[in-house]
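A.B. asks: what's the 3D shape of this:
(2 chains, ligands or ions: 2)
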Amino acid sequence: MKWDEFFVTGEPLIYGAMVSIVLVSLAIVVGLTYFKKWGYLWKEWLTTVDHKKIGVMYILAALIMLFRGGVDAIMMRAQTSMPDMKFLDGQHYNEIFTTHGVIMILFMAMPFIFGLMNVIIPLQIGARDVAFPRLNAISFWLFFAGAMLFNISFVIGGSPDAGWSAYFPLAGPELSPHVGNNYYSLSIQISGIGTLMTGVNFIVTILKMRAPGMTLMKMPMFTWSVLITSVIIIFAFPVLTIALLLMMLDRQFGTQFFTMQNGGMDMLWANLFWVWGHPEVYIVVLPAFGIFSEIISTFARKNLYGYTSMVLSMLVISALSFIVWAHHFYTMGQGAMVNGFFSITTMAIAVPTGVKIFNWLFTLHRGRIQFTTPMLYSLAFIPIFTIGGVTGVMLAMASADYQYHNTMFLVAHFHYVLIPGTVFAVIAGFHYWFPKVFGFRLNERKGKTAFWFIIISFNVTFFPLFFLGLQGMTRRMYTYSEETGFGPLNMLSMVGAIGLTIGFILLVYNIYWSTRYEPRDKTGDPWDGRSLEWSIPSPAPVYNFAVVPEIKQRDEYWFAKKEKRSLFDKKIEKIHMPSNSGKPFVLGIAFFFLGFFVVFSWWSLAIPAGLAVLIIMATMSFDRDHGYYIPAEEVAQTEKKLRGDTV
Amino acid sequence: MKIDATQPLEYGTEENRNKIFGFWLFLGAEIALFATLFTVYFVLVDRYASGPNGAEIFEIGPVLAETFILLTSSFTIGLAVHAMRLGLKKQMMMFMIITLALGAVFLGIEIFEFFTYVHEGATITTSAFLSSLFTLLGTHGAHVTFGLLWGIAILVQLRKHGLDHSTANKSFIFSLYWHFLDVVWIFIFSFVYLKGLM
Ligand code: HEM
Ligand SMILES: [Cu+2]
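C.D. replies: Numbering: from 1, shown residues only, chains lettered A, B, ... in the order given. Ligands and ions are numbered 1, 2, ... in the order given. Below is the predicted model of the structure:
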């Protein structure tokens, strides 16, 4: 391979990106050295097994990815903002919508949710940690390795360009001969292993490590949603693992799974992909439902309405999510019976979802509503998500779908569910739980300004796309002529996208501003919350709970506050903690290189890298580190320091 | 030594119990993984294009041997766990070594089989049927290979640290894994080979 094939060349945008990557990396290295922070970085972050810190790293990575995916989005909107635009060429446009989709779903939405659940789930169930802290660190570093591998593709070798659904034969070796789709299969594979481990870890954590007395039906709704999500992960992700494996074999080893000759079957890919892909959208949206349930009940000052039906509806949604996948290809010739089946099951999902919407409305009904920033996002979510849901039912009708299939109508629909359903949720959860991790709130005024920017711009960006779709503008089309008349609405959408960008920048600015100027919170309970995470000091100490509380009812902490009793009147004892380990991080690096060499089919390098992976795993197995104890006096002191003497 | 019926060593601590439960969940994922591979195989089994089909390449002899060997190894790993429960470290290690040896022989036959297929012009690239066959068998074989390495690592630890909560827990989890591989093989034997030969 020649150097000019290795590095992507010929585009000013890419050169700009290369220069900025080098500059940012240099700045980080120089900064860390100048401020002597290498040791701190290693000790406190890279080797940490503390679920809260791992959660923070997930969220940080997700925010960065939000901006990377956002830059892609802006570039696409800029390219289509006017007829016959010459900003990007067709190939570059293909690469950008592919990386945008993959990054937004797999490297932004999912990790953001994983971050929040890492931070909060143990706190909500009164646990000192997750079940397998070191495995948790491995999961994170595998995700990170996968994300980095995916992100270097656009400067080294070229990005995947067959859409985030990577349909064959388009993604196959004949039509996509360059390495882009190798990056796709390997980076998603690596982070997918991490995701599966996270699923296992959280099921065990939630089922086995709840505080005494917290039965399943006394768990907070967010915990419930994460439990159900983890079960979906365990069943859905192995399908993706296989699909990506077969993709790699087809592309790099000449097998015939999805080819057009020798018995290969391209529709097999479509089926495998969506058997994972549809549940995947519920993996990102169910935890969001959990987050909204928490926030709505906290700021309506009421018990969540219809707790049991909330749980049941999530269970029904998770079951249905596995039998609707073929609605993604009604038009690919599968006959009326099959389409009918998938059409009906798809529409059926609207029922449990509707139940949840009504439960939120009833929770709000006659509540003493406080319009905090997290609450505003939750309130905005309800109508906007409903628009997404209704247009989803329109798409679910197989016969009608022949009209809007692969048009901007679809693009509008899924952004109308994904953005309120996951992005608003993670932002709301971020504002809501921020003080628990850092000990101060984000500024409310600035938070609200960003909120209005984001909400209004969101609708300006995506509502016009419904009409563009109905007028026949197809999806993934990089340019169009003046006569189509698509110009004005696309320009409007571009204006909205700029507004969205400003909104997100304001959000990040708020983090910076609040870090410097917001008053610290000494109560540990700035929102007057209901669930256990608010009962401990902020920032939450490493061991979470000095004394493990006993639970008698739902929202125990809320009722304890009302009845003026303490949850923690037992004696403080020494606490066992797992020790840090650098191996998960090193394993992540080894996986990154393994992936990178396989992308380029450099087997003489890939084999040593694979051996390195095995050796690191073996040394982990030989580790006999059983952690350490924090003495009782130290725990008592930390508690005092963090919140006076309320214990 | 007496068996402590209420608390076997491998279930001794909370961490141990969580690990065993977590591993069961992981096996759930493994079931989904192999179920997907079987589905792919069933979808593609008749799509052998101009290449050979199952009946033309499968031979019952080696497959029966493989089946017999793997079943026996599932039995010996059971004996190893039984010895562990009795606290007999030496016997336990011996049965584990037998298990791994049987696993190695299984793998040897499988590799030999692959060579014959390829020799007969049935390679992984020949047809969709063969791609799915080799991938299904290969994934199972890779699991066995990984199991061999894992088992050796556990044996070394047993030697170094003796039988304690940690090594007993690992050995027990390993036995679950090994039984699982056997179950998958039964499916391969029935639905790939026997059905293919019919
Ligand atoms: C921040 C504002 C966003 C803008 C302006 C935006 C814009 C776009 C555009 C223009 C497309 C391409 C449509 C086409 O192919 O013609 C697209 C595709 C897509 N977007 Fe977004 N998007 C945004 C956020 C998100 C988020 C947050 C997610 C997911 C959580 C997401 C998921 C997707 C997916 C999955 C695709 C399909 C990619 C493909 O066709 O393979 N987007 N988006
Ligand atoms: Cu779907």
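A.B. asks: just checking, what's the longest helix in chain B?
C.D. replies: Assignment by DSSP state H gives helix B:128-161 as the longest helix of chain B.
A.B. asks: and A:Y629, that one's in a helix?
C.D. replies: No. A:Y629 is assigned strand when assessed by DSSP: H, G, I helix; E, B strand; the rest coil, not a helix.
A.B. asks: Go ahead and confirm it touches A:P578.
C.D. replies: No. Using CB atoms under 8 Å, A:Y629 makes no contact with A:P578, being 11.3 Å away. C-beta: built from backbone N, CA, C; applies to glycine.
A.B. asks: Which elements pack onto the helix or strand just after the longest helix of chain B?
C.D. replies: The helix or strand immediately downstream of helix B:128-161 is helix B:165-187, counting by DSSP states H and E. Here helix B:165-187 touches helix B:14-44, helix B:60-85, helix B:89-119, helix B:128-161, going by 3 or more CB pairs under 8 Å, 6 or more residues apart in numbering or on different chains; DSSP states H and E.
A.B. asks: Flag every buried residue along helix B:165-187.
C.D. replies: Neighbour counts over helix B:165-187 (16 or more other CB atoms under 10 Å in any protein chain shown) mark B:166-175, B:177-182, B:184-185 as buried.
A.B. asks: Name the nearest residue to whichever residue of chain A sits closest to ligand 1, ignoring sequence neighbours.
C.D. replies: With CB to the nearest ligand atom, the shortest gap between chain A and ligand 1 falls at A:G101, namely 2.8 Å. Counting by CB to CB, 6 or more residues apart in numbering or on different chains, the nearest residue to A:G101 once its immediate chain neighbours are dropped is A:W164, at 3.0 Å.
A.B. asks: That neighbour: how many residues sit nearby?
C.D. replies: By the measure other CB atoms under 10 Å in any protein chain shown, the count of residues near A:W164 is 19.
A.B. asks: now it: how far from A:L186?
C.D. replies: 15 Å (CB to CB, to the nearest Å).
A.B. asks: Could you look up the SS state of the residue nearest to A:G101?
C.D. replies: A:W164 ends up coil, using three-state DSSP.
A.B. asks: So it is in contact with A:E95, correct?
C.D. replies: No. Here A:W164 lies out of contact with A:E95, judged by CB under 8 Å, at a distance of 11.5 Å.
A.B. asks: Quick one: residues contacting residue 96.
C.D. replies: You didn't say which chain, so I picked chain A. When contacts are counted by CB atoms under 8 Å, 6 or more residues apart in numbering or on different chains, A:I96 touches A:72, A:75-76, A:88, A:159.
A.B. asks: hm, I was asking about chain B
C.D. replies: B:76-77, B:80, B:151, B:154-155, B:158, B:171.
A.B. asks: Let me know the pLDDT of the residue of chain B positioned farthest from its centre.
C.D. replies: The C-alpha centroid of chain B is most remote from B:S50, which lies 32.4 Å away (CA atoms, centre = their mean). Listed pLDDT for B:S50 reads 89.
A.B. asks: swap in A:I572?
C.D. replies: 88.
A.B. asks: and it, what are its phi and psi?
C.D. replies: Note on A:I572: its backbone torsions stand at phi -80, psi 130 [degrees, to the nearest 10].
A.B. asks: Can you report how many residues lie near it?
C.D. replies: A:I572, neighbours per other CB under 10 Å, totals 16.
A.B. asks: my read: it touches A:A546, true?
C.D. replies: Yes. Using CB under 8 Å, A:I572 makes contact with A:A546 at a distance of 5.2 Å.
A.B. asks: quick one: common contacting residues for those two?
C.D. replies: Contacts common to A:I572 and A:A546, judged by CB under 8 Å, 6+ apart, are A:635-636, A:639.
A.B. asks: Pass me the low-pLDDT residue ranges in chain B, would you?
C.D. replies: B:1-5 (pLDDT under 70).
A.B. asks: and if you look at chain A?
C.D. replies: A:1-4, A:10, A:644-647.
A.B. asks: residue in it nearest to chain B?
C.D. replies: A:G263 (3.1 Å; CB to the nearest CB).
A.B. asks: residues in contact with that residue?
C.D. replies: By CB under 8 Å, 6+ apart, A:G263 lies in contact with A:256, B:44, B:47-49, B:127-129.
A.B. asks: Would you convert those into CSV that also reports neighbour count?
C.D. replies: Shown next, in CSV, are the contacts of A:G263 (neighbours: other CB atoms under 10 Å in any protein chain shown):
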residue, neighbour count
A:Q256, 26
B:L44, 23
B:R47, 20
B:Y48, 21
B:A49, 15
B:S127, 26
B:A128, 28
B:F129, 24
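A.B. asks: Tell me the one of the residues you listed nearest A:I349?
C.D. replies: Checking these against A:I349 with CB to CB, the nearest one is B:L44 at 30.8 Å.
A.B. asks: which residues does that closest one contact?
C.D. replies: With CB under 8 Å, 6+ apart, B:L44 has these contacts: A:257, A:263, A:265, A:268, B:128-129, B:131-132.
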